[in-house]
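> Here is a sequence together with a model predicted from it:
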Amino acid sequence: MNPLILGIETSCDETGIGIVRGSELLADVLASSVEEQARFGGVVPEVASRAHVEAMVPILKRVVQKAGVKLNELDAIAVTSGPGLAGALVVGVAAAKALAVAINKPIYGVNHLAAHVAVDTLENGELPQPCLALLVSGGHSSLLQVDNISFKINSLGKTLDDAAGEAFDKVARVLGLPFPGGPWIDKASQCGDPLSIEFPKGLMSKEDLVEHKFDFSFSGLKTAVARWVEAWQRTGEILPVSDIAASFQEAVVEVLVKKTLMAAKETGIDTVIIGGGVAANSRLRTMAQSMAEKENIKVRIPRPGLCTDNGAMVAALGSQLFKNQIEPSKITFEVDPILPISVQKN
Ligand code: KG4
Ligand code: ZN
């Protein structure tokens, strides 16, 4: 059975609504307040919330029209209930509840992080059970064992400090690149030499691999880049932005890929899904594919537009929950800004 599900995402600065039928994506519409946020160098929660309110109804109208469906044909509504910015989440959840009541359909309040994994079904089909997931976004970096996307996800490791995307954003600022920094570092790296500067690789020493085998740490790397830049600036010479970007990116990506493949070997799980905004990174995509191939491990990464926040990912998870006959949320469910990955649905 292929349910028709509408998904709403408002956990950060993107307002996204997607409609899927089973694991087929029918339409995905996105509005972003990133340009308004860029002048502050980061996401201002109040600015994000207001932008969600303004974008919600126009986006809803557009996505329904694009998908060629009627609202009363929907089987269920899914909405991100956490983790994320409280005020931003409230806008999406209020809109989703209003819609669910108006058309008298079930609603699922879902986990944003699980949705970053579930979105892969829209491009690469059903998830093998179990599979591993490397989840790398602006707010989270975790290595997950996904036994069932609807009700059983365990964390094998996570970042002890900055998320991978956060490190990209902070290093970009040091290099004078715009916010959000990930795509700019990716672009600058294309003409840089990744071997030109040796930056530290977090939690990869022998001792760390004993205690923090599947954990990450990026704050030491970020500080090392800042110190390197300060020292260079004292010479008065032009900053080699591309080389710094490429060397930094290489250090992040190498740790992410190596630890993920170590987890695959140790658990004997041969399929890895990579999701979250940083999964759009071109070097991560190529290094993961080429290193995994040598180990006979299959890597699945959705196209870049589905890696960063969007509504289709929420609809994709809603579709999985519906198909697995998971009970919908009560209409009184609340947002949870720190919803853990072990809870897929409120
Ligand atoms: O998943 P996402 O859209 O939002 C969160 O849930 O956080 O991830 C946003 C993060 C930002 O830190 C952004 O800089 C990073 O993903 N990002 C990238 C790339 N595109 C987005 N990082 C590295 N390379 C990219 N191409
Ligand atoms: Zn996200």
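Great, that's in hand. Ligands and ions are numbered 1, 2, ... in the order given.

> For the protein, spot the helix or strand the model is least confident about on average.
helix 34-38 (a mean of 84; mean pLDDT, DSSP states H and E).

> remind me, longest helix of this structure?
If you go by DSSP state H, the chain has its longest helix at helix 241-267.

> Can you mark which positions in that helix are buried?
241-257, 259-264 (16 or more other Cβ atoms under 10 Å). For the C-beta atoms, the positions are set from N, CA and C on the backbone; glycine is no exception.

> Report all helices and strands that the helix or strand just after the least confident helix or strand of the chain contacts.
Downstream of helix 34-38, the next assigned helix or strand under DSSP states H and E is helix 45-67. For helix 45-67, the elements it packs on are strand 14-21, strand 24-32, helix 34-38, helix 86-103, judged by 3 or more Cβ pairs under 8 Å, 6 or more residues apart in numbering; DSSP states H and E.

> Tell me how many other residues crowd residue 38.
As a burial measure, residue 38 scores 14 neighbours (other Cβ atoms under 10 Å).

> Find the closest residue to ligand 2 in the stretch 101-250 of the chain.
residue 137 (4.2 Å; Cβ to the ion).

> Can you pull the phi/psi pair for the closest residue in space to that residue that isn't next to it in sequence?
Distances taken as Cβ to Cβ, 6 or more residues apart in numbering place residue 276 nearest to residue 137, at 3.4 Å, with adjacent residues excluded. The phi/psi pair for residue 276 (degrees, to the nearest 10) reads phi 100, psi 160.

> and residue 79, what pLDDT?
On pLDDT, residue 79 comes in at 98.

> State whether it is indeed within a strand.
Yes: under DSSP: H, G, I helix; E, B strand; the rest coil, residue 79 sits within a strand.

> roughly how far apart are the residue positioned nearest the centre of the chain and ligand 2?
Central residue of the chain (Cα atoms, centre = their mean): residue 276, 2.0 Å from the mean position. Distance from residue 276 to ligand 2, counting by Cβ to the ion, to the nearest Å: 6 Å.

> is it true that that residue touches residue 143?
No: at 11.8 Å, residue 276 does not count as touching residue 143 under the criterion of Cβ atoms under 8 Å.

> Name the residues contacting each of those two.
residue 135 (Cβ atoms under 8 Å, 6 or more residues apart in numbering).

> do you know how far the residue nearest to residue 34 when sequence neighbours are not counted is from residue 159?
Leaving out its chain neighbours, the residue that sits closest to residue 34 by Cβ to Cβ, 6+ apart is residue 13, at 5.6 Å. According to Cβ to Cβ, to the nearest Å, residue 13 and residue 159 sit 21 Å apart.

> So these two - more neighbours on which side?
residue 13 (27 against 22).

> Phi first, then psi, for the closest residue to residue 73 other than its chain neighbours.
Distance criterion Cβ to Cβ, 6+ apart; nearest residue to residue 73, sequence neighbours excluded, is residue 4 at 5.8 Å. Main-chain torsions, residue 4, degrees, to the nearest 10: phi -100, psi 110.

> Quick one: residues contacting residue 4.
Per Cβ under 8 Å, 6+ apart, neighbours of residue 4: 19, 20, 21, 69, 73, 74, 75.

> What is the most widely separated pair among these?
20 and 73 (12.9 Å; Cβ to Cβ).

> ok, these two, which is more surrounded?
Taking other Cβ under 10 Å, residue 20 and residue 73 do not tie; residue 20 has more neighbours (30 against 13).

> Find the residue closest to that one in space, skipping its chain neighbours.
Per Cβ to Cβ, 6+ apart, closest to residue 20 is residue 315, 4.4 Å.

> Let me see the contact set for residue 141.
So residue 141 contacts 135, 158, 159, 163, 164, 165, 216, 218, 256, 276, 278 (Cβ under 8 Å, 6+ apart).

> Return the member of these nearest to ligand 1.
residue 165 (2.5 Å; Cβ to the nearest ligand atom).

> what about the helix or strand hosting that closest one, average pLDDT?
Secondary structure assignment for residue 165, by DSSP H and E: helix 164-174. Per-residue pLDDT over helix 164-174 has a mean of 98.

> Would it count as contacting ligand 1?
Yes: on the criterion Cβ under 6 Å from any ligand atom, helix 164-174 is in touch with ligand 1 at 165, 168, 169.

> so where does the residue of the stretch 201-346 of the chain found nearest ligand 2 fall, helix or strand?
Distances between the stretch 201-346 of the chain and ligand 2 by Cβ to the ion are smallest at residue 309, namely 4.4 Å. Counting by DSSP H and E, no helix or strand carries residue 309.

> Contacts only, for it.
9, 11, 12, 13, 14, 16, 112, 137, 277.

> could I have stretch 93-105 exported to PDB, CA atoms only?
Backbone C-alpha positions of stretch 93-105 (Å, rounded to 0.1, in the frame of the first residue of the first chain) are rendered in PDB as follows:
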ATOM      1  CA  VAL A  93       3.400  21.800  14.400                       C
ATOM      2  CA  ALA A  94       0.600  24.400  14.700                       C
ATOM      3  CA  ALA A  95       0.100  24.500  11.000                       C
ATOM      4  CA  ALA A  96       0.100  20.700  10.700                       C
ATOM      5  CA  LYS A  97      -2.400  20.300  13.500                       C
ATOM      6  CA  ALA A  98      -4.700  22.800  12.000                       C
ATOM      7  CA  LEU A  99      -4.500  21.000   8.700                       C
ATOM      8  CA  ALA A 100      -5.000  17.600  10.300                       C
ATOM      9  CA  VAL A 101      -8.100  18.800  12.100                       C
ATOM     10  CA  ALA A 102      -9.500  20.600   9.100                       C
ATOM     11  CA  ILE A 103      -9.300  17.500   6.900                       C
ATOM     12  CA  ASN A 104      -9.800  15.000   9.700                       C
ATOM     13  CA  LYS A 105      -6.700  13.000   9.000                       C
END
